[in-house]
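Colleague: compute the structure for the input listed below.
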Amino acid sequence: MADGHLYVAMQPIVDLARREIFGYEALVRSRSPDFPDPPSILRAAVADGFMGELGRALRLMAVQACPDSRLFLNLHPSEFDEGWLVRPDDAIFSHDRSIYLEITESVPLSHFRWCHSVLREVRSKGVYLAVDDLGAGYSNFKYIADLAPEVVKLDRDLITNLDSDPRLRTLVTSLVSLCRDLGAKVVAEGIETTSELHAIEECGAQYGQGYLLARPAFPPPKVSWAAFNRRT
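Modeller: Okay, here's the model as predicted:
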């Protein structure tokens, strides 16, 4: 699904117990050599004061790409400075399945009260919240408690070597338990090996995402279910 040079690649988020696709995360991509990676797209949008409009366009692309699936949509902090997100004609309010707006945990919200007010308005209309990148750098757990997200996504840094590092496994198991106690389900991001997949299952995470299961693509890719049956 493209808009000029921009399009969204979809990556499945898998229910680890049910062995089924729970939803898709939409990831911005560009065919233009001027924007070789997603950060370059976002930097240009912020610099030009275009982030709010870009976010709206990407949400529409995602809804059109996966009309029958739950969607995880990244929300850049700069979007809180513009009014696009709360417009009643935004695509997220007409999608037939659940929408999860992802806020990056490693990027602090500089004006928390205003951001929380915007999120409260959006969530009152049935949209859910996911906190992304837990474990990337400094993790503010009060931030998670205050926002009360429905989903928390564990950063790849917590998944690497999970299968071979007992102390890391203890930490991740505790984080999963903490998130559950706070009312949030957990997605383990960046799963790249079968050993990591089985380790994160043992830690109790409900959902998984990563190259082992499927790379971001358009049209939305299928999942490699054989990974669940392999042992290393």
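Colleague: all helices of the protein, in order?
Modeller: For the chain, the helices defined by DSSP state H occupy 38-47, 51-65, 112-123, 141-147, 166-181, 194-203.
Colleague: of all those, which lies closest to residue 24?
Modeller: Nearest to residue 24, of all these, is helix 51-65, at 7.8 Å by Cβ to Cβ. In this view, the C-beta of every residue, glycine as well, is placed from N, C-alpha and C.
Colleague: residue ranges in the chain under the pLDDT threshold?
Modeller: 1-4, 105-112, 137-140, 231-232 (pLDDT under 70).
Colleague: picking that back up, any chance of CSV for the helices of the chain, columns distance to residue 25 and mean neighbour count?
Modeller: Putting the helices of the chain into CSV (distance: least, Cβ to Cβ, whole Å; neighbours: other Cβ atoms under 10 Å) gives the following:
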stretch, distance to residue 25, mean neighbour count
helix 38-47, 12, 15
helix 51-65, 9, 21
helix 112-123, 18, 14
helix 141-147, 19, 14
helix 166-181, 18, 15
helix 194-203, 17, 20
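Colleague: with distance to residue 213 added, can I get those helices in TSV?
Modeller: Listed next are those as TSV, based on distance: least, Cβ to Cβ, whole Å:
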stretch	distance to residue 213
helix 38-47	20
helix 51-65	18
helix 112-123	28
helix 141-147	25
helix 166-181	18
helix 194-203	8
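Colleague: which one of those lies closest to residue 92?
Modeller: Comparing the helices of the chain against residue 92 with Cβ to Cβ, the closest turns out to be helix 51-65 (5.6 Å).
Colleague: on contacts alone, who are the packing partners of that closest one?
Modeller: With contacts defined as 3 or more Cβ pairs under 8 Å, 6 or more residues apart in numbering; DSSP states H and E, helix 51-65 has these neighbours: strand 2-3, strand 6-15, strand 20-30, helix 38-47, strand 71-74.
Colleague: about what we covered before: so which of the helices of the chain gets nearest residue 221?
Modeller: Evaluated with Cβ to Cβ, the helices of the chain place helix 51-65 nearest to residue 221, the distance being 11.6 Å.
Colleague: got the CA positions of that closest one in CSV?
Modeller: Output in CSV follows, covering the C-alpha atoms of helix 51-65 (Å, rounded to 0.1, in the frame of the first residue of the first chain):
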residue,chain,number,x,y,z
MET,A,51,4.8,14.5,11.3
GLY,A,52,1.1,14.7,12.2
GLU,A,53,0.0,14.5,8.6
LEU,A,54,2.5,11.7,7.9
GLY,A,55,1.2,9.8,10.9
ARG,A,56,-2.4,10.1,9.7
ALA,A,57,-1.5,9.0,6.2
LEU,A,58,0.4,5.9,7.5
ARG,A,59,-2.5,4.9,9.7
LEU,A,60,-4.8,5.0,6.7
MET,A,61,-2.3,2.9,4.7
ALA,A,62,-2.2,0.3,7.5
VAL,A,63,-6.0,0.1,7.8
GLN,A,64,-6.3,-0.4,4.1
ALA,A,65,-3.5,-3.0,4.0
